[in-house]
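*Asks:* sequence-free structure coming up:
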DNA sequence: TCAAAAGTGTTGAAGATACACCCATGG
DNA sequence: CCATGGGTGTATCTTCAACACTTTTGA
(Lines give C-alpha, C1' and ligand atoms only; values in the text may rest on other atoms or scores of the structure.)
Protein backbone atom coordinates (compact mmCIF):
# COMPACT_ATOMS: atom_id res chain seq x y z
CA UNK A 1 0.00 0.00 0.00
CA UNK A 2 2.84 2.38 0.68
CA UNK A 3 4.17 1.85 -2.81
CA UNK A 4 0.88 2.26 -4.63
CA UNK A 5 1.25 5.34 -6.78
CA UNK A 6 -0.88 8.36 -6.01
CA UNK A 7 -2.98 9.65 -8.84
CA UNK A 8 -1.54 12.87 -10.17
CA UNK A 9 -4.20 14.48 -12.25
CA UNK A 10 -5.26 17.54 -14.13
CA UNK A 11 -8.59 19.06 -13.22
CA UNK A 12 -11.15 20.35 -15.62
CA UNK A 13 -14.22 22.34 -14.78
CA UNK A 14 -17.34 21.86 -16.89
CA UNK A 15 -20.35 24.12 -16.56
CA UNK A 16 -23.91 23.22 -17.41
CA UNK A 17 -25.38 26.60 -18.35
CA UNK A 18 -29.16 26.48 -18.27
CA UNK A 19 -31.48 29.01 -19.73
CA UNK A 20 -35.08 29.26 -20.83
CA UNK A 21 -35.80 30.15 -24.42
CA UNK A 22 -38.91 29.68 -26.54
CA UNK A 23 -40.68 27.97 -23.70
CA UNK A 24 -38.04 25.29 -23.31
CA UNK A 25 -35.25 24.53 -20.87
CA UNK A 26 -32.00 24.70 -22.79
CA UNK A 27 -28.35 23.96 -22.24
CA UNK A 28 -25.41 25.68 -23.86
CA UNK A 29 -23.12 23.37 -25.83
CA UNK A 30 -20.08 24.08 -27.95
CA UNK A 31 -18.56 22.22 -30.85
CA UNK A 32 -15.07 21.08 -29.95
CA UNK A 33 -12.23 22.51 -32.00
CA UNK A 34 -9.46 20.40 -30.53
CA UNK A 35 -8.86 16.75 -29.88
CA UNK A 36 -10.07 14.66 -28.25
CA UNK A 37 -13.61 14.48 -29.57
CA UNK A 38 -12.82 17.08 -32.24
CA UNK A 39 -16.07 18.21 -33.82
CA UNK A 40 -18.29 16.75 -31.11
CA UNK A 41 -20.65 18.80 -28.96
CA UNK A 42 -19.58 19.27 -25.37
CA UNK A 43 -20.18 21.35 -22.29
CA UNK A 44 -18.25 24.59 -21.97
CA UNK A 45 -15.26 23.85 -19.79
CA UNK A 46 -11.56 24.10 -19.38
CA UNK A 47 -8.64 23.30 -17.21
CA UNK A 48 -8.39 24.64 -13.71
CA UNK A 49 -5.35 26.82 -13.35
CA UNK A 50 -2.61 26.68 -10.80
CA UNK A 51 -3.61 28.63 -7.70
CA UNK A 52 -7.23 28.88 -8.81
CA UNK A 53 -10.31 27.37 -7.17
CA UNK A 54 -12.76 25.39 -9.22
CA UNK A 55 -15.52 27.93 -8.73
CA UNK A 56 -13.23 30.66 -9.97
CA UNK A 57 -12.56 28.54 -13.02
CA UNK A 58 -16.31 28.05 -13.43
CA UNK A 59 -16.89 31.81 -13.30
CA UNK A 60 -14.11 32.35 -15.80
CA UNK A 61 -15.69 29.87 -18.20
CA UNK A 62 -19.09 31.40 -17.64
CA UNK A 63 -17.70 34.85 -18.40
CA UNK A 64 -16.52 33.76 -21.82
CA UNK A 65 -20.06 32.66 -22.73
CA UNK A 66 -22.27 35.16 -20.95
CA UNK A 67 -22.18 38.65 -19.56
CA UNK A 68 -23.51 38.07 -16.11
CA UNK A 69 -21.98 38.49 -12.71
CA UNK A 70 -24.11 37.42 -9.75
CA UNK A 71 -25.63 34.43 -11.39
CA UNK A 72 -26.74 31.23 -9.66
CA UNK A 73 -23.72 28.93 -9.81
CA UNK A 74 -23.35 25.78 -7.78
CA UNK A 75 -21.00 22.84 -7.66
CA UNK A 76 -22.73 19.78 -9.04
CA UNK A 77 -20.58 16.68 -8.72
CA UNK A 78 -17.07 15.48 -9.37
CA UNK A 79 -16.64 12.88 -12.07
CA UNK A 80 -13.45 10.89 -11.93
CA UNK A 81 -13.71 7.63 -13.84
CA UNK A 82 -10.08 7.10 -14.84
CA UNK A 83 -11.16 6.30 -18.40
CA UNK A 84 -13.48 9.24 -18.89
CA UNK A 85 -10.87 11.23 -20.82
CA UNK A 86 -8.70 9.51 -23.42
CA UNK A 87 -5.80 11.81 -22.54
CA UNK A 88 -5.41 10.20 -19.14
CA UNK A 89 -6.75 10.47 -15.62
CA UNK A 90 -8.46 13.84 -15.72
CA UNK A 91 -10.99 14.66 -13.05
CA UNK A 92 -13.79 17.10 -13.78
CA UNK A 93 -15.54 19.20 -11.19
CA UNK A 94 -18.89 20.09 -12.71
CA UNK A 95 -20.99 23.17 -11.98
CA UNK A 96 -24.35 24.35 -13.09
CA UNK A 97 -25.48 27.90 -13.73
CA UNK A 98 -28.80 29.59 -14.43
CA UNK A 99 -28.74 32.50 -16.85
CA UNK A 100 -31.45 34.57 -18.56
CA UNK A 101 -31.29 33.77 -22.25
CA UNK A 102 -30.61 37.34 -23.32
CA UNK A 103 -27.37 37.25 -21.34
CA UNK A 104 -25.92 34.42 -23.38
CA UNK A 105 -23.73 35.32 -26.34
CA UNK A 106 -23.57 32.69 -29.02
CA UNK A 107 -20.28 33.12 -30.80
CA UNK A 108 -20.39 31.67 -34.27
CA UNK A 109 -17.04 31.68 -36.01
CA UNK A 110 -15.86 29.47 -38.82
CA UNK A 111 -14.17 27.15 -36.44
CA UNK A 112 -16.29 27.36 -33.31
CA UNK A 113 -20.01 27.11 -32.74
CA UNK A 114 -22.06 27.52 -29.57
CA UNK A 115 -25.69 26.59 -29.51
CA UNK A 116 -28.53 26.19 -27.10
CA UNK A 117 -30.12 22.75 -27.08
CA UNK A 118 -33.39 21.80 -25.51
CA UNK A 119 -32.72 19.33 -22.71
CA UNK A 120 -35.11 16.96 -24.45
CA UNK A 121 -32.93 16.97 -27.59
CA UNK A 122 -29.35 16.71 -26.45
CA UNK A 123 -27.07 15.34 -29.17
CA UNK A 124 -24.34 12.79 -28.50
CA UNK A 125 -21.74 14.52 -26.37
CA UNK A 126 -18.03 14.23 -25.77
CA UNK A 127 -16.63 12.52 -22.66
CA UNK A 128 -19.24 11.70 -20.01
CA UNK A 129 -21.01 14.98 -20.60
CA UNK A 130 -24.39 13.38 -21.23
CA UNK A 131 -24.25 11.96 -17.74
CA UNK A 132 -23.35 15.38 -16.37
CA UNK A 133 -26.25 17.06 -18.13
CA UNK A 134 -28.72 14.47 -16.85
CA UNK A 135 -27.44 14.89 -13.34
CA UNK A 136 -27.68 18.66 -13.65
CA UNK A 137 -31.30 18.58 -14.82
CA UNK A 138 -32.24 16.47 -11.85
CA UNK A 139 -30.46 18.79 -9.46
CA UNK A 140 -32.00 21.85 -11.09
CA UNK A 141 -35.50 20.48 -10.56
CA UNK A 142 -34.91 19.91 -6.91
CA UNK A 143 -33.29 23.33 -6.45
CA UNK A 144 -36.32 24.99 -7.97
CA UNK A 145 -38.55 23.15 -5.55
CA UNK A 146 -36.91 24.35 -2.39
CA UNK A 147 -34.87 27.44 -3.18
CA UNK A 148 -35.41 30.79 -4.87
CA UNK A 149 -33.07 29.80 -7.74
CA UNK A 150 -35.58 31.01 -10.30
CA UNK A 151 -34.34 34.55 -9.73
CA UNK A 152 -31.34 33.70 -11.82
CA UNK A 153 -33.36 32.87 -14.92
CA UNK A 154 -35.30 36.13 -14.87
CA UNK A 155 -34.49 39.79 -15.37
CA UNK A 156 -34.75 42.06 -12.36
CA UNK A 157 -38.43 42.74 -12.86
CA UNK A 158 -40.87 40.17 -14.12
CA UNK A 159 -44.53 39.28 -13.98
CA UNK A 160 -45.93 36.42 -11.95
CA UNK A 161 -46.92 34.70 -15.16
CA UNK A 162 -43.31 34.71 -16.34
CA UNK A 163 -42.25 33.24 -13.03
CA UNK A 164 -44.93 30.59 -13.22
CA UNK A 165 -43.79 29.58 -16.71
CA UNK A 166 -40.30 28.91 -15.41
CA UNK A 167 -41.68 26.45 -12.92
CA UNK A 168 -43.91 24.81 -15.47
CA UNK A 169 -41.12 24.39 -18.00
CA UNK A 170 -38.52 23.05 -15.61
CA UNK A 171 -40.73 20.86 -13.48
CA UNK A 172 -42.78 19.75 -16.45
CA UNK A 173 -46.08 20.25 -14.65
CA UNK A 174 -48.81 22.82 -15.19
CA UNK A 175 -49.58 25.00 -12.20
CA UNK A 176 -52.91 26.50 -11.28
CA UNK A 177 -52.60 30.26 -11.69
CA UNK A 178 -54.39 31.25 -8.51
CA UNK A 179 -52.75 28.64 -6.34
CA UNK A 180 -49.30 29.41 -7.73
CA UNK A 181 -49.65 33.13 -7.05
CA UNK A 182 -50.97 32.73 -3.57
CA UNK A 183 -48.29 30.22 -2.67
CA UNK A 184 -45.40 32.18 -4.13
CA UNK A 185 -46.44 35.48 -2.64
CA UNK A 186 -46.81 33.82 0.76
CA UNK A 187 -43.22 32.62 0.55
CA UNK A 188 -42.28 36.24 1.11
CA UNK A 189 -39.46 36.22 -1.43
CA UNK A 190 -40.98 38.80 -3.74
CA UNK A 191 -41.90 42.44 -3.63
CA UNK A 192 -44.08 44.44 -5.98
CA UNK A 193 -42.51 47.15 -8.03
CA UNK A 194 -44.50 50.07 -9.40
CA UNK A 195 -43.57 49.09 -12.93
CA UNK A 196 -46.05 47.45 -15.24
CA UNK A 197 -45.39 45.23 -18.21
CA UNK A 198 -45.80 46.76 -21.67
CA UNK A 199 -47.18 44.75 -24.55
CA UNK A 200 -50.35 44.25 -26.44
CA UNK A 201 -52.56 43.13 -23.63
CA UNK A 202 -53.48 44.09 -20.13
CA UNK A 203 -50.34 45.23 -18.31
CA UNK A 204 -49.10 43.03 -15.49
CA UNK A 205 -47.70 44.14 -12.15
CA UNK A 206 -43.97 43.55 -12.17
CA UNK A 207 -42.36 41.88 -9.19
CA UNK A 208 -38.77 41.65 -8.06
CA UNK A 209 -36.97 39.16 -5.80
CA UNK A 210 -36.13 40.82 -2.50
CA UNK A 211 -32.75 39.07 -2.60
CA UNK A 212 -31.04 37.85 -5.71
CA UNK A 213 -28.93 35.40 -3.78
CA UNK A 214 -29.59 31.76 -3.02
CA UNK A 215 -32.09 31.20 -0.22
CA UNK A 216 -33.14 27.77 1.00
CA UNK A 217 -36.74 27.29 1.95
CA UNK A 218 -37.70 25.27 4.99
CA UNK A 219 -40.20 23.21 3.09
CA UNK A 220 -40.45 21.99 -0.42
CA UNK A 221 -42.80 24.49 -2.03
CA UNK A 222 -43.49 23.08 -5.52
CA UNK B 1 -4.47 32.59 -21.35
CA UNK B 2 -2.81 29.90 -23.35
CA UNK B 3 0.29 30.17 -21.23
CA UNK B 4 -1.45 30.05 -17.87
CA UNK B 5 -0.29 26.85 -16.22
CA UNK B 6 -2.84 24.11 -15.60
CA UNK B 7 -3.14 22.96 -12.04
CA UNK B 8 -1.59 19.54 -11.61
CA UNK B 9 -2.78 18.17 -8.36
CA UNK B 10 -2.97 15.21 -6.10
CA UNK B 11 -6.39 14.11 -4.97
CA UNK B 12 -7.31 13.03 -1.50
CA UNK B 13 -10.55 11.42 -0.44
CA UNK B 14 -11.90 12.17 3.03
CA UNK B 15 -14.81 10.27 4.50
CA UNK B 16 -17.17 11.54 7.16
CA UNK B 17 -18.23 8.33 8.87
CA UNK B 18 -21.39 8.85 10.87
CA UNK B 19 -22.78 6.56 13.46
CA UNK B 20 -25.17 6.68 16.37
CA UNK B 21 -23.87 5.75 19.78
CA UNK B 22 -25.21 6.49 23.25
CA UNK B 23 -28.08 8.47 21.81
CA UNK B 24 -25.81 10.85 19.93
CA UNK B 25 -24.78 11.39 16.35
CA UNK B 26 -21.05 10.80 16.16
CA UNK B 27 -18.26 11.15 13.64
CA UNK B 28 -15.12 9.07 13.42
CA UNK B 29 -11.88 11.03 13.73
CA UNK B 30 -8.27 9.94 13.84
CA UNK B 31 -5.21 11.51 15.35
CA UNK B 32 -2.70 12.28 12.62
CA UNK B 33 0.63 10.49 12.83
CA UNK B 34 2.34 12.32 10.00
CA UNK B 35 2.87 15.90 8.98
CA UNK B 36 1.20 18.14 8.22
CA UNK B 37 -0.97 18.67 11.27
CA UNK B 38 0.85 15.91 13.15
CA UNK B 39 -1.06 15.11 16.31
CA UNK B 40 -4.24 16.90 15.24
CA UNK B 41 -7.60 15.20 14.81
CA UNK B 42 -8.75 14.74 11.25
CA UNK B 43 -11.18 12.82 9.08
CA UNK B 44 -10.13 9.40 7.86
CA UNK B 45 -8.79 9.87 4.37
CA UNK B 46 -5.99 9.23 1.99
CA UNK B 47 -4.70 9.76 -1.48
CA UNK B 48 -6.58 8.52 -4.48
CA UNK B 49 -4.52 6.03 -6.38
CA UNK B 50 -3.65 5.93 -10.02
CA UNK B 51 -6.41 4.24 -11.99
CA UNK B 52 -8.81 4.35 -9.05
CA UNK B 53 -12.08 6.25 -8.76
CA UNK B 54 -12.76 8.42 -5.77
CA UNK B 55 -15.59 6.22 -4.56
CA UNK B 56 -13.30 3.21 -4.70
CA UNK B 57 -10.83 5.14 -2.60
CA UNK B 58 -13.63 6.03 -0.20
CA UNK B 59 -14.61 2.36 0.13
CA UNK B 60 -11.00 1.45 0.69
CA UNK B 61 -10.68 4.00 3.48
CA UNK B 62 -13.98 2.89 4.95
CA UNK B 63 -12.78 -0.72 4.93
CA UNK B 64 -9.79 0.14 7.09
CA UNK B 65 -12.09 1.58 9.76
CA UNK B 66 -15.17 -0.59 9.59
CA UNK B 67 -16.24 -4.01 8.51
CA UNK B 68 -19.19 -3.19 6.36
CA UNK B 69 -19.86 -3.65 2.69
CA UNK B 70 -23.11 -2.28 1.35
CA UNK B 71 -23.15 0.82 3.46
CA UNK B 72 -24.68 4.16 2.53
CA UNK B 73 -21.84 6.11 0.91
CA UNK B 74 -22.33 9.27 -1.08
CA UNK B 75 -20.12 11.92 -2.59
CA UNK B 76 -20.47 15.11 -0.60
CA UNK B 77 -18.51 17.96 -2.14
CA UNK B 78 -15.12 18.73 -3.59
CA UNK B 79 -12.99 21.18 -1.68
CA UNK B 80 -10.20 22.80 -3.63
CA UNK B 81 -8.99 26.02 -2.00
CA UNK B 82 -5.39 26.08 -3.18
CA UNK B 83 -4.22 26.91 0.33
CA UNK B 84 -6.21 24.21 2.12
CA UNK B 85 -3.21 21.88 2.35
CA UNK B 86 0.22 23.26 3.27
CA UNK B 87 1.89 20.67 1.03
CA UNK B 88 0.51 22.35 -2.10
CA UNK B 89 -2.58 22.34 -4.26
CA UNK B 90 -4.32 19.19 -3.13
CA UNK B 91 -7.97 18.74 -3.92
CA UNK B 92 -10.15 16.63 -1.69
CA UNK B 93 -13.26 14.80 -2.80
CA UNK B 94 -15.28 14.26 0.35
CA UNK B 95 -17.76 11.46 1.01
CA UNK B 96 -20.05 10.61 3.83
CA UNK B 97 -21.01 7.19 5.11
CA UNK B 98 -23.55 5.86 7.59
CA UNK B 99 -22.48 2.89 9.67
CA UNK B 100 -24.00 1.06 12.66
CA UNK B 101 -21.74 1.74 15.61
CA UNK B 102 -20.97 -1.92 16.26
CA UNK B 103 -19.38 -2.13 12.81
CA UNK B 104 -16.75 0.46 13.62
CA UNK B 105 -13.42 -0.78 14.90
CA UNK B 106 -11.52 1.74 16.96
CA UNK B 107 -7.86 0.89 16.65
CA UNK B 108 -5.88 2.21 19.56
CA UNK B 109 -2.16 1.77 19.17
CA UNK B 110 0.63 3.71 20.77
CA UNK B 111 0.96 5.91 17.77
CA UNK B 112 -2.55 6.07 16.33
CA UNK B 113 -5.91 6.74 17.89
CA UNK B 114 -9.39 6.67 16.41
CA UNK B 115 -12.33 8.00 18.33
CA UNK B 116 -15.97 8.80 17.86
CA UNK B 117 -16.90 12.39 18.61
CA UNK B 118 -20.38 13.74 19.08
CA UNK B 119 -21.10 16.22 16.31
CA UNK B 120 -21.84 18.77 19.00
CA UNK B 121 -18.32 18.42 20.40
CA UNK B 122 -15.94 18.32 17.47
CA UNK B 123 -12.42 19.34 18.43
CA UNK B 124 -10.26 21.60 16.26
CA UNK B 125 -9.47 19.66 13.11
CA UNK B 126 -6.70 19.55 10.55
CA UNK B 127 -7.08 21.20 7.13
CA UNK B 128 -10.60 22.38 6.33
CA UNK B 129 -12.12 19.32 7.93
CA UNK B 130 -14.38 21.25 10.25
CA UNK B 131 -16.04 22.77 7.23
CA UNK B 132 -16.43 19.31 5.71
CA UNK B 133 -18.03 17.91 8.84
CA UNK B 134 -20.50 20.79 9.04
CA UNK B 135 -21.42 20.34 5.44
CA UNK B 136 -21.88 16.61 5.95
CA UNK B 137 -24.20 17.05 8.92
CA UNK B 138 -26.40 19.35 6.90
CA UNK B 139 -26.50 16.93 4.01
CA UNK B 140 -27.22 14.00 6.32
CA UNK B 141 -30.26 15.76 7.76
CA UNK B 142 -31.72 16.37 4.39
CA UNK B 143 -31.00 12.82 3.23
CA UNK B 144 -32.84 11.45 6.23
CA UNK B 145 -35.84 13.59 5.39
CA UNK B 146 -36.38 12.32 1.89
CA UNK B 147 -34.56 9.00 1.53
CA UNK B 148 -34.43 5.69 3.34
CA UNK B 149 -30.80 6.34 4.38
CA UNK B 150 -31.59 5.33 7.96
CA UNK B 151 -31.25 1.68 6.92
CA UNK B 152 -27.53 2.15 6.97
CA UNK B 153 -27.39 3.10 10.63
CA UNK B 154 -29.34 0.06 11.76
CA UNK B 155 -28.77 -3.66 11.85
CA UNK B 156 -30.88 -5.81 9.56
CA UNK B 157 -33.69 -6.12 12.05
CA UNK B 158 -34.76 -3.35 14.36
CA UNK B 159 -37.75 -2.08 16.26
CA UNK B 160 -39.74 0.96 15.26
CA UNK B 161 -38.59 2.68 18.41
CA UNK B 162 -34.98 2.27 17.38
CA UNK B 163 -35.80 3.73 13.98
CA UNK B 164 -37.63 6.63 15.56
CA UNK B 165 -34.67 7.41 17.78
CA UNK B 166 -32.43 7.75 14.74
CA UNK B 167 -34.70 10.41 13.35
CA UNK B 168 -34.96 12.20 16.65
CA UNK B 169 -31.23 12.26 17.20
CA UNK B 170 -30.26 13.39 13.73
CA UNK B 171 -33.04 15.84 13.11
CA UNK B 172 -33.00 17.07 16.68
CA UNK B 173 -36.78 16.96 17.00
CA UNK B 174 -38.99 14.69 19.05
CA UNK B 175 -41.52 12.64 17.09
CA UNK B 176 -44.92 11.53 18.24
CA UNK B 177 -44.78 7.76 18.55
CA UNK B 178 -48.14 7.00 16.95
CA UNK B 179 -47.74 9.48 14.12
CA UNK B 180 -44.20 8.36 13.38
CA UNK B 181 -45.20 4.74 13.15
CA UNK B 182 -48.21 5.36 10.96
CA UNK B 183 -46.24 7.60 8.64
CA UNK B 184 -43.24 5.34 8.31
CA UNK B 185 -45.25 2.18 7.75
CA UNK B 186 -47.28 3.98 5.10
CA UNK B 187 -44.08 4.82 3.23
CA UNK B 188 -43.98 1.14 2.37
CA UNK B 189 -40.24 0.79 2.91
CA UNK B 190 -40.47 -1.68 5.75
CA UNK B 191 -41.65 -5.20 6.29
CA UNK B 192 -42.35 -7.02 9.52
CA UNK B 193 -40.20 -9.95 10.45
CA UNK B 194 -41.38 -12.66 12.78
CA UNK B 195 -38.54 -11.91 15.15
CA UNK B 196 -39.13 -10.08 18.40
CA UNK B 197 -36.67 -8.07 20.40
CA UNK B 198 -35.19 -9.63 23.51
CA UNK B 199 -34.49 -7.58 26.60
CA UNK B 200 -35.95 -6.80 29.92
CA UNK B 201 -39.29 -5.44 28.83
CA UNK B 202 -42.10 -6.20 26.51
CA UNK B 203 -40.67 -7.59 23.25
CA UNK B 204 -41.02 -5.39 20.18
CA UNK B 205 -41.85 -6.53 16.67
CA UNK B 206 -38.73 -6.33 14.58
CA UNK B 207 -38.89 -4.76 11.15
CA UNK B 208 -36.55 -4.87 8.21
CA UNK B 209 -36.06 -2.52 5.26
CA UNK B 210 -37.37 -4.16 2.09
CA UNK B 211 -34.37 -2.77 0.26
CA UNK B 212 -31.10 -1.84 1.85
CA UNK B 213 -30.16 0.42 -1.01
CA UNK B 214 -30.75 4.15 -1.38
CA UNK B 215 -34.32 5.06 -2.34
CA UNK B 216 -35.49 8.61 -2.89
CA UNK B 217 -38.94 9.48 -1.70
CA UNK B 218 -41.20 11.67 -3.80
CA UNK B 219 -41.98 13.92 -0.89
CA UNK B 220 -40.14 15.06 2.15
CA UNK B 221 -41.46 12.80 4.85
CA UNK B 222 -39.90 14.14 8.08
C1' DT C 1 -65.54 44.83 -30.45
C1' DC C 2 -62.41 41.21 -30.35
C1' DA C 3 -58.36 38.66 -28.83
C1' DA C 4 -55.20 37.86 -25.33
C1' DA C 5 -53.30 37.90 -20.96
C1' DA C 6 -54.15 39.72 -15.96
C1' DG C 7 -56.30 39.26 -11.94
C1' DT C 8 -59.17 37.45 -8.12
C1' DG C 9 -62.09 33.69 -3.55
C1' DT C 10 -64.32 29.88 -1.95
C1' DT C 11 -65.24 25.13 -1.01
C1' DG C 12 -64.16 20.36 -0.12
C1' DA C 13 -60.73 16.75 0.62
C1' DA C 14 -56.75 15.03 2.44
C1' DG C 15 -53.10 15.04 5.36
C1' DA C 16 -50.89 16.46 9.64
C1' DT C 17 -51.01 17.10 14.46
C1' DA C 18 -52.33 16.51 19.14
C1' DC C 19 -53.41 13.55 22.58
C1' DA C 20 -53.68 9.04 26.89
C1' DC C 21 -54.14 4.69 28.17
C1' DC C 22 -53.42 -0.44 28.45
C1' DC C 23 -50.04 -4.40 27.56
C1' DA C 24 -46.16 -7.65 28.03
C1' DT C 25 -41.98 -8.80 30.04
C1' DG C 26 -37.96 -9.45 33.43
C1' DG C 27 -36.30 -8.67 37.65
C1' DC D 1 -45.77 -6.06 41.77
C1' DC D 2 -43.19 -2.67 39.73
C1' DA D 3 -40.49 -0.44 36.25
C1' DT D 4 -39.82 -0.07 31.52
C1' DG D 5 -40.64 0.25 26.96
C1' DG D 6 -44.39 -1.61 23.35
C1' DG D 7 -48.40 -0.80 21.17
C1' DT D 8 -52.84 1.39 19.60
C1' DG D 9 -57.37 5.22 17.52
C1' DT D 10 -59.80 9.42 17.07
C1' DA D 11 -60.99 14.26 16.70
C1' DT D 12 -59.44 18.64 15.11
C1' DC D 13 -56.96 21.67 12.44
C1' DT D 14 -54.33 23.06 8.66
C1' DT D 15 -52.97 22.80 4.12
C1' DC D 16 -53.56 21.74 -0.61
C1' DA D 17 -56.33 21.20 -4.78
C1' DA D 18 -59.96 22.16 -7.74
C1' DC D 19 -62.50 25.36 -10.01
C1' DA D 20 -64.62 30.17 -13.68
C1' DC D 21 -65.43 34.54 -14.48
C1' DT D 22 -64.37 39.66 -14.94
C1' DT D 23 -60.90 43.27 -16.24
C1' DT D 24 -57.69 45.76 -19.03
C1' DT D 25 -55.33 46.78 -22.95
C1' DG D 26 -53.97 47.24 -28.10
C1' DA D 27 -55.17 46.33 -32.50
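*Replies:* Cool, got the structure. Bear in mind the structure is a predicted one, so any value in this text is a computation, not a measurement.
*Asks:* unless I'm mixing things up, residue A:125 is touching residue A:44, no?
*Replies:* No: here residue A:125 lies out of contact with residue A:44, judged by CB atoms under 8 Å, at a distance of 11.9 Å. Backbone N, C-alpha and C define where each C-beta goes, glycine included.
*Asks:* anything in contact with each of those two?
*Replies:* residue A:29 (CB atoms under 8 Å, 6 or more residues apart in numbering or on different chains).
*Asks:* can you list the domain ranges for chain A.
*Replies:* Following automatic domain parsing, one gets these domains for chain A: A:10-146, A:149-209.
*Asks:* Adding mean pLDDT, distance to DNA strand C and mean neighbour count, write the ones you listed out as JSON lines.
*Replies:* As requested, the domains of chain A are arranged in JSON lines below (pLDDT from 0 to 100; distance: least, CB to the nearest atom of the strand, whole Å; neighbours: other CB atoms under 10 Å in any protein chain shown):
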{"stretch": "domain A:10-146", "mean pLDDT": "95", "distance to DNA strand C": "11", "mean neighbour count": "18"}
{"stretch": "domain A:149-209", "mean pLDDT": "97", "distance to DNA strand C": "3", "mean neighbour count": "15"}
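*Asks:* Nearest to residue B:132, out of these?
*Replies:* Minimum separation from residue B:132 across the domains of chain A (CB to CB) falls at domain A:10-146, 13.5 Å.
*Asks:* related to what we said a few turns ago, make a markdown table from the domains of chain A and add distance to chain B to it.
*Replies:* What follows is the domains of chain A, written out as a markdown table (distance: least, CB to the nearest CB, whole Å):
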| stretch | distance to chain B |
| --- | --- |
| domain A:10-146 | 4 |
| domain A:149-209 | 13 |
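*Asks:* any chance of those in TSV, with distance to residue B:156 too?
*Replies:* Putting those into TSV (distance: least, CB to CB, whole Å) gives the following:
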stretch	distance to residue B:156
domain A:10-146	30
domain A:149-209	37
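*Asks:* what ranges do the strands span in chain A?
*Replies:* Using DSSP state E, the strands of chain A run over residues A:8-21, A:24-31, A:41-42, A:45-47, A:72-79, A:90-98, A:114-118, A:158-159, A:190-196, A:205-209.
*Asks:* what sits against the closest residue to residue A:166 other than its chain neighbours?
*Replies:* Nearest residue to residue A:166, sequence neighbours excluded (CB to CB, 6 or more residues apart in numbering or on different chains): residue A:150, at 5.1 Å. Applying CB under 8 Å, 6+ apart to residue A:150 gives the contacts A:98, A:144, A:163, A:166-167.
*Asks:* And for residue A:146?
*Replies:* A:216-217, A:219-221.
*Asks:* now, among those, which is nearest to DNA strand C?
*Replies:* Distance to DNA strand C across those (CB to the nearest atom of the strand) is lowest for residue A:219, with 10.0 Å.
*Asks:* So which residues on chain A come close to DNA strand D?
*Replies:* A:176-179, A:183, A:199-203, A:219 (CB under 7 Å from any atom of the strand).
*Asks:* Most widely separated two among those?
*Replies:* With CB to CB as the measure, no two of these lie farther apart than A:200 and A:219, at 38.0 Å.
*Asks:* in chain A, what residue is nearest DNA strand D?
*Replies:* Taking CB to the nearest atom of the strand, DNA strand D has its nearest neighbour within chain A at residue A:202, 2.8 Å off.
*Asks:* For that residue, grab phi and psi.
*Replies:* For residue A:202, the backbone dihedrals (degrees, to the nearest 10) come out as phi -60, psi 130.
*Asks:* biggest helix in chain A, by residue count?
*Replies:* For chain A, the helix with the greatest residue count under DSSP state H is helix A:129-146.
*Asks:* and which of the contacts of residue A:150 is nearest residue A:209?
*Replies:* residue A:163 (9.4 Å).
*Asks:* got the contact list for that closest one?
*Replies:* Residue A:163 neighbours (CB under 8 Å, 6+ apart): A:150, A:154, A:184, A:207.
*Asks:* ok, now residue A:74?
*Replies:* Per CB under 8 Å, 6+ apart, neighbours of residue A:74: A:95-97, A:139, A:143, A:214.
*Asks:* now do residue A:84
*Replies:* Contacts of residue A:84 (CB under 8 Å, 6+ apart): A:90, A:92, A:127-128.
*Asks:* now those residues as TSV including distance to residue A:74?
*Replies:* Shown next, in TSV, are these (distance: CB to CB, whole Å):
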residue	distance to residue A:74
A:90	22
A:92	15
A:127	21
A:128	19
